[in-house]
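Have a look at this fold, sequence not included:
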C-alpha cells in the first residue's frame, strides 16, 4: 500500500512581491572591520518557531531592510565569506512592529565550503591525474560537479581517508544514483575518484584556500543586484539529498520531487506550509528527478534511476508506474524531466537515447531520435520542445502530429534548460557556451546573448511577467536577470554556496519558485524596493 504522510513543518508563509498583510519589519546597518559601511552582506531573519527565513543584502551605505514580516520572534544574523559577527537573538515583533539590529564584522575564516564552484576549480589542489581548472574537460568535474551537486556540501564538509572516500563514492554510485548514468562508473573510476578526493579533503589536506588567492577571485558586487529578497524554508529531507524543484497546481499547491533515495513526491501548501509526502512503495532508489501537476488533478513524475514514469492521484494516494521500454538493441531509454499534455493525454519525457512519449489512453510508448535530452517544456499548438545536453546538441521540437525537427544553435554550448514565451520564442541556457540562446521557430533564426563572468554556466531559466530572462549560474552561485532588449545582465548574489537551482516555475501571484537541493531549501524571490 502506498503510504501518505502529512507533516506540519512551519506556520503560514505568504510573503510575496505583491502587497502583503504582514507589516512588521527589521532594519539596521552593517559595518566592516574598519568601521565603514559594508556593502553586499547577507542579513537573515529566521523565525525561531518555524525556521522560515527572509534574506536581504546590505546596500552601499551598509543599510538593510526586511519588510512584510509576520509577528514572531526572530534571530537576525549577518554573513559574508571571511567575516563573522554575533547574531541578534530574541527579536520579538508584533503585527506591525519595527525592530533594529546593527552589526560590525570581525575577521573570520574562509572555508572550502564557502567558495563558489568556479573559485574552487581555481584554488583546490591539483594532482598528476586531475586538474579542476580544466572544468568541463576534466573527467572528475564533468562526472561529479556538472549537475547534481558541486564540492561544497557533499565533499568539502567532510574529512575522510581514502577508505572513507571509497565507501562514499560507492554509495553515491550504487545507492544514490541507483544505476542512473549508463552504468559507466567502474570500480577503477571509483578508486581514482576516491584517491583524488583524499587529496582534496583528506586528513592531511588544507582546511581552506589561501585567503589572498581567494580574494583575487571575488568579483565586485553590482549595487543594482542588492535589492532582492529571498524567502526560504527548510525542506527537511529524511533520506539525504533534498528537493529538486517546486511547481504550482491549479489549486495553488506546490509539488516537489524528492530525488536520490527520497522516493517521494511532496506537496507543499504555501499558505499553511504543510508538507504532504507521497512515498513510493519500495526502498530501491527511484531518482525522482521531476514532478509536475496536470490540469486534471494528477501529478506526473519521473523515476530516473528506474527508467519509469509515474502518475499520482493525490486524492487517493494511488500511484501508477509505466516502464519505458528499451530500444530494439536492448539499450535503455531514460526518464529525466516530464511534462503532461491533458488535451492529448500524452506524457513527454527527456533523457536517454531518445525523446520518450507515453500515450496514457493506450499505455503505448513512442520514441523520437534525439539523444541526451534534458530540458523539456510545452510550447504552443501542441508542440513539445527539448534541449540535447551535449556539446553540439540541437534544440528539438516534436509537433502535435508527432514530427521531430532539430535546430542547431550557432554555438556548441551544451544547451540545458529552456522556456517558450508567449510569442512562441524559445529561450535556452547554453551551459558550456556561457550564453542565453533565443530561437524563433517561424524564421528559424537564432540569437545569442553573452553572459558576464568567468564560467557563467547558466542552468535553470524562466521568463517573468516583464519579459525579463532569469537564470541561475551553477558555478558562480548567482541568480541573474537578462534584459533581452539591451542584453544587460544584473547579477544577484545568492545567500548559500552551491546554488543548485534546476528549474524555475511561476505561481499565480507572480512569484518565481525554485529549490536548492543541497541546501535543502524551497523558496522564491522578490525585488526588495
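Cool, got the structure. Since this is a predicted model, take the numbers as computed values, not measurements. Numbering: from 1, shown residues only.

Sticking with the nearest residue to residue 25 once chain neighbours are set aside, tell me its helix or strand.
Leaving aside its chain neighbours, residue 25 sits nearest to residue 67 (4.7 Å; criterion: Cβ to Cβ, 6 or more residues apart in numbering). Just so you know, the C-beta spots here come from the backbone N, C-alpha and C atoms, and that holds for glycine as well. Using DSSP states H and E, residue 67 sits within strand 63-69.

where do the strands sit along the stretch 301-450 of the chain?
In the stretch 301-450 of the chain, strands defined by DSSP state E, counting those that start in this stretch lie at 308-313, 318-323, 338-341, 346-349, 355-359, 364-368, 373-378, 384-388, 395-398, 404-407, 415-420, 426-430, 435-440, 445-450, listed in chain order.

Of all these, which one is nearest residue 222?
Across these, the minimum distance to residue 222, taken as Cβ to Cβ, is reached by strand 445-450, at 16.5 Å.

Listing partners with orientation, what would you give for that closest one?
As defined by DSSP bridges, the strand partners of strand 445-450 come to strand 435-440 (antiparallel).

What's the local residue count around the closest residue to residue 93 other than its chain neighbours?
Using Cβ to Cβ, 6+ apart and skipping the chain neighbours, the partner closest in space to residue 93 is residue 24 (4.0 Å). By other Cβ atoms under 10 Å, the residues close to residue 24 number 21.

thought residue 24 was touching residue 91?
No - counting by Cβ atoms under 8 Å, residue 91 is not a contact partner of residue 24; they are 10.0 Å apart.

between the two, what contacts are shared?
residue 99 (Cβ atoms under 8 Å, 6 or more residues apart in numbering).

one step back: among the strands of the stretch 301-450 of the chain, which is nearest residue 171?
Nearest to residue 171, of all the strands of the stretch 301-450 of the chain, is strand 308-313, at 22.6 Å by Cβ to Cβ.

So residue 116 sits against residue 491, correct?
No - shown here, residue 116 and residue 491 do not form a contact pair, counting by Cβ under 8 Å, at 11.8 Å.

So the two - more neighbours on which side?
It is residue 116, of residue 116 and residue 491, that has more neighbours when counted by other Cβ under 10 Å, with 26 against 21.

show me the contacts for the more buried one.
Residues counted as contacts of residue 116 (Cβ under 8 Å, 6+ apart) are 475, 476, 477, 497, 498.

Where neighbours are concerned, which of those has the most?
In terms of neighbours by other Cβ under 10 Å, the contacts of residue 116 top out with residue 475 at 27 neighbours.

Looking at residue 245 now. What's its pLDDT?
Note on residue 245: pLDDT of 97.

cool, residue 15 as well?
pLDDT, read off for residue 15, is 36.

And residue 402, by the same measure?
With respect to pLDDT, residue 402 scores 97.

I'd say it and residue 366 touch.
Yes - applying Cβ under 8 Å, one finds residue 402 in contact with residue 366, separated by 6.8 Å.

closest to residue 137 out of the strands of the stretch 301-450 of the chain?
Among the strands of the stretch 301-450 of the chain, the nearest to residue 137 by Cβ to Cβ is strand 426-430 (16.7 Å).

Residue 194 should be in a strand, yeah?
No - counting by DSSP: H, G, I helix; E, B strand; the rest coil, residue 194 is located in no strand; its state is helix.

I'd like to know how many residues surround the closest residue to residue 307 other than its chain neighbours.
Counting by Cβ to Cβ, 6+ apart, residue 307 lies nearest to residue 324, which is 4.8 Å off, once chain neighbours are set aside. Residue 324 has 22 neighbouring residues, counting by other Cβ under 10 Å.

Spit out the contact partners of residue 324.
For residue 324, the contacting residues are 307, 308, 309, 332, 333, 334, 335, 349, 352, 356, 358, 365, by Cβ under 8 Å, 6+ apart.

and the nearest residue to residue 412 once chain neighbours are set aside, how many residues sit next to it?
In space, and not counting its chain neighbours, residue 412 is closest to residue 392: 4.5 Å by Cβ to Cβ, 6+ apart. Using other Cβ under 10 Å, residue 392 has 12 neighbouring residues.

ok, now residue 362?
Using other Cβ under 10 Å, residue 362 has 8 neighbouring residues.

Test my guess that residue 195 contacts residue 160.
No - between residue 195 and residue 160 there is no contact under Cβ under 8 Å: 11.9 Å.

Need the overlap of contacts for those two.
With contacts taken as Cβ under 8 Å, 6+ apart, not a single residue reaches both residue 195 and residue 160.

Now stretch 158-170: buried residues?
Within stretch 158-170, the residues that count as buried by 16 or more other Cβ atoms under 10 Å are 160, 162, 164, 165, 166, 168, 169.

need these in CSV with pLDDT, secondary structure and distance to residue 236, can you?
Output for the buried residues of stretch 158-170, formatted as CSV (pLDDT from 0 to 100; DSSP: H, G, I helix; E, B strand; the rest coil; distance: Cβ to Cβ, whole Å):
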residue, pLDDT, secondary structure, distance to residue 236
160, 96, coil, 26
162, 95, helix, 33
164, 95, helix, 27
165, 94, helix, 28
166, 95, helix, 30
168, 91, helix, 23
169, 91, helix, 26
